[in-house]
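Visitor: The amino acid sequence is not available; the structure is as follows:
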């Protein structure tokens with residue numbers, strides 16, 4: 001018994017000593033953030049702090065989520081395994097329920113000597129994989145959604161009609177950043193950074209910002225960054241030619257908000273307000289991220305901290321008549337991904353196709369941790385040091401009855417019935433049709449290409465633990 005205790009103490013000391021030499025991880029998640037940022041080429045977006053991170057780190061130009069809905073996407077990323085028709089399905093997904101026994105990313109870092117903390121929205125459910133955090137996951141509670149009195153009143157009235165009834169889809173109020181949840185979240189994260197530095201152990205601090213998730217609520221000063229009259233509506237606000245019916249949804253998430261019609265298109269002015277609100281929320285969250293980066297610098301932690309910024313999925317701003325996510329189109333699947341790591345040259349832009357399940361093995365490799373055997377993704381750490389290295393040829397994802405594959409030149413999607421039999425397909429040539437406006441899957445000259453993509457999709461989807 002004494003011998004066993006001795007070896008346990010020696011082992012614990014060895015892990016602690018080895019861990020002390022490892023880099024910290026600041027793991028920043030942003031809900032519903034599509035890669036429409038200045039550093040991604042959208043000059044109209046005011047995102048100076050994310051742009052600063054891109055100059056310091058590596059920007060992945062073609063990164064994709066596994067499932068375009070929050071709970072499922074986050075569960076897949078945090079477990080490092082792919083979704084299936086019965087696993088990681090919707091926004092209510094719980095990683096520990098859908099993938100029991102799988103060691104999540106936070107748990108793996110904790111077992112390897114890291115202090116792990118969760119602030120804001122990382123898993124969809126705060127209690128999901130609770131044992132993987134060094135203390136209970138924290139979220140700002142009791143913060144009112146709205147600050148304008150008329151909106152507070154309207155929201156309360158509509159809530160009495162049912163949980164799916166909400167106040168306005170946007171709000172601009174002349175209030176400080178900490179009047180809303182993300183401002184409070186940034187303040188808590190700054191406090192935690194100070195505590196974690198004082199402890200002297202490597203940390204994995206996960207900070208999940210809520211905006212730009214609906215409703216589009218941000219302080220007035222962020223709305224003022226944009227000229228409302230110059231907000232442009234999407235040029236492809238129509239269903240793609242020959243697109244299957246399964247590819248289009250009714251934007252149900254948006255319909256819960258006051259002022260949004262129960263069905264059919266929104267007016268141009270409502271669309272412009274929604275887009276304006278989305279942009280304002282992006283800039284609001286960008287400002288909070290800037291506060292974290294400033295604190296890292298002030299605490300002299302930047303040189304030994306891996307900083308990761310990722311979006312859980314894309315978002316539609318009226319493209320193809322769609323709002324929100326929930327589709328297999330590029331606008332729903334593509335995400336922003338930026339990684340700053342010690343010893344890695346900053347300012348790089350990588351075009352290699354990257355999947356969100358690649359984050360788990362990549363962070364392990366960058367931090368010097370062993371890779372769990374269950375991981376399906378591939379570490380892009382080598383790609384960060386050698387952009388010419390051999391890399392994967394496709395990114396595969398899914399939503400409901402649709403499986404989709406993105407290659408260098410094409411996006412192919414196949415829909416199936418409950419028995420797994422194909423019902424419809426769509427193919428978009430990104431060299432000629434970046435907006436995915438014309439489904440060309442039935443063109444005879446592309447028959448072989450479609451068959452190749454379908455075969456690669458079948459070979460890839462569903463890999464990993466059953």
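Guide: Looks like it arrived, so ask away. Computed from a predicted model, the values in this text were never measured in an experiment. Numbering: from 1, shown residues only.
Visitor: In terms of helices and strands, where is residue 71?
Guide: helix 70-79 (DSSP states H and E).
Visitor: Show the subsequent helix or strand relative to that helix.
Guide: Per DSSP H and E, the first helix or strand lying C-terminal to helix 70-79 is helix 95-98.
Visitor: And for that next one, what's in contact with it?
Guide: Contact with helix 95-98 is made by 74, 75, 78, 79, 87, 88, 89, 102, 104, 123, 128, 129, as judged by CB atoms under 8 Å, 6 or more residues apart in numbering. (Each C-beta comes from the backbone N, C-alpha and C, glycine too.)
Visitor: Swap in 6 Å and give it another go.
Guide: 75, 78, 79, 87, 88, 128, 129 (CB atoms under 6 Å, 6 or more residues apart in numbering).
Visitor: What residues of the top helix by length along the chain count as buried?
Guide: Counting residues, the longest helix found in the chain (DSSP state H) is helix 268-298. The neighbour-count check on helix 268-298 (16 or more other CB atoms under 10 Å) flags 270-293, 295-296 as buried.
Visitor: quick check: angle from the helix or strand just after that helix to helix 70-79?
Guide: With elements assigned by DSSP H and E, the helix or strand that comes after helix 268-298 is strand 305-311. Interaxial angle of strand 305-311 relative to helix 70-79 (axes from the mean of the first three to the mean of the last three CA atoms, to 10 degrees): 150 degrees.
Visitor: List of residues touching strand 305-311?
Guide: 23-30, 33, 53, 335-341, 366.
Visitor: Mean confidence (pLDDT) on it, please.
Guide: Taken as a whole, strand 305-311 has a mean pLDDT of 98.
Visitor: cool, stretch 440-455 as well?
Guide: On average, stretch 440-455 scores 97.
Visitor: contacting residues for the residue nearest to the spatial centre of the chain?
Guide: Nearest residue to the geometric centre of the chain (CA atoms, centre = their mean): residue 312, 1.6 Å. With contacts defined as CB under 6 Å, 6+ apart, residue 312 is in contact with 70, 73, 74.
Visitor: wait, doesn't the second one sit right on residue 326?
Guide: No - at 11.2 Å, residue 73 does not count as touching residue 326 under the criterion of CB atoms under 6 Å.
Visitor: Please identify which of these two sits among more neighbours.
Guide: residue 73 (29 against 23; other CB atoms under 10 Å).
Visitor: For the more buried one, list the residues it contacts.
Guide: 65, 67, 312, 313.
Visitor: Now the buried members of these.
Guide: For the contacts of residue 73, buried by 16+ other CB under 10 Å: 65, 67, 312, 313.
Visitor: if we can go back for a sec, can you tell me the closest non-neighbouring residue to the residue nearest to the centre of the chain?
Guide: residue 73 (4.5 Å; CB to CB, 6 or more residues apart in numbering).
Visitor: How much space separates that neighbour from residue 268?
Guide: 31 Å (CB to CB, to the nearest Å).
Visitor: State the distance from the residue nearest to the centre of the chain to residue 332.
Guide: From residue 312 to residue 332 the distance is 11 Å (CB to CB).
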